[in-house]
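Peer 1: Fold the following and give me the result.
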Amino acid sequence: MTSKVYVALRVKASPARAFGAFVEEIGAWWRPSPLFQTTPRAPGRLEFETGAGGRLTETLEGGKVFEIGRILHWAPPERLVFSWRQASFPPDLHTEVEVRFDPVGEETRVSIEHRGFTRVPGESAARHGFPDQVLQMRLADWWRSQLASLATRV
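Peer 2: Residues are numbered from 1 along each chain as shown. Below you'll find the model as predicted:
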């Protein structure tokens, strides 16, 4: 079984605009999911600290900040790679998300490859009892809905 999910969607924007919206406006278009929770509490607001090594965080209503991941590769407006950690992951386990912004005529194909989910142990709450294939189908559906939300933002 492969350890990655790949989804893509064209948006009506330049790569620079799509990249900017993805990073700088993530708090406005991001849609939380009970299956892929990033914090153990009610969802907060996501935000990137831009640049290599910057954090992806979620700030809860009370002001508490959870680090979801770190930017591993920063190449605007073409590519972004960041680590990803959900609340229900075992300690010190991260997966990796790569986002590409490829020009296609007057649009941009935004593609997401989420790698490493099969490293999450089978008994982990992050799997919700799903076998690999079902979990990855759910993850792909969720990323597709995130891209659709981004598309409405740009």
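Peer 1: CA only for contacts and neighbour counts going forward, please
Peer 2: Will do.
Peer 1: mind showing which ranges of this structure have poor pLDDT?
Peer 2: Applying pLDDT under 70 to the chain flags the ranges 1-2, 35, 37, 125-127.
Peer 1: contacting residues around the residue nearest in space to the middle of it?
Peer 2: Residue closest to the average C-alpha location in the chain (CA atoms, centre = their mean): Val97, at 6.1 Å. Shown in contact with Val97 (CA atoms under 8 Å, 6 or more residues apart in numbering): Val81, Phe82, Ser83, Trp84, Ile112, Glu113, His114, Arg115.
Peer 1: So which of the residues you listed sit within helices?
Peer 2: Among the contacts of Val97, no member falls in helices (DSSP state H).
Peer 1: Could you export those as TSV, including neighbour count?
Peer 2: Converted to TSV, those look like this (neighbours: other CA atoms under 10 Å):
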residue	neighbour count
Val81	20
Phe82	23
Ser83	20
Trp84	22
Ile112	23
Glu113	18
His114	24
Arg115	19
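Peer 1: Counting only strands, which of these make the cut?
Peer 2: Val81, Phe82, Ser83, Trp84, Ile112, Glu113, His114, Arg115 (DSSP state E).
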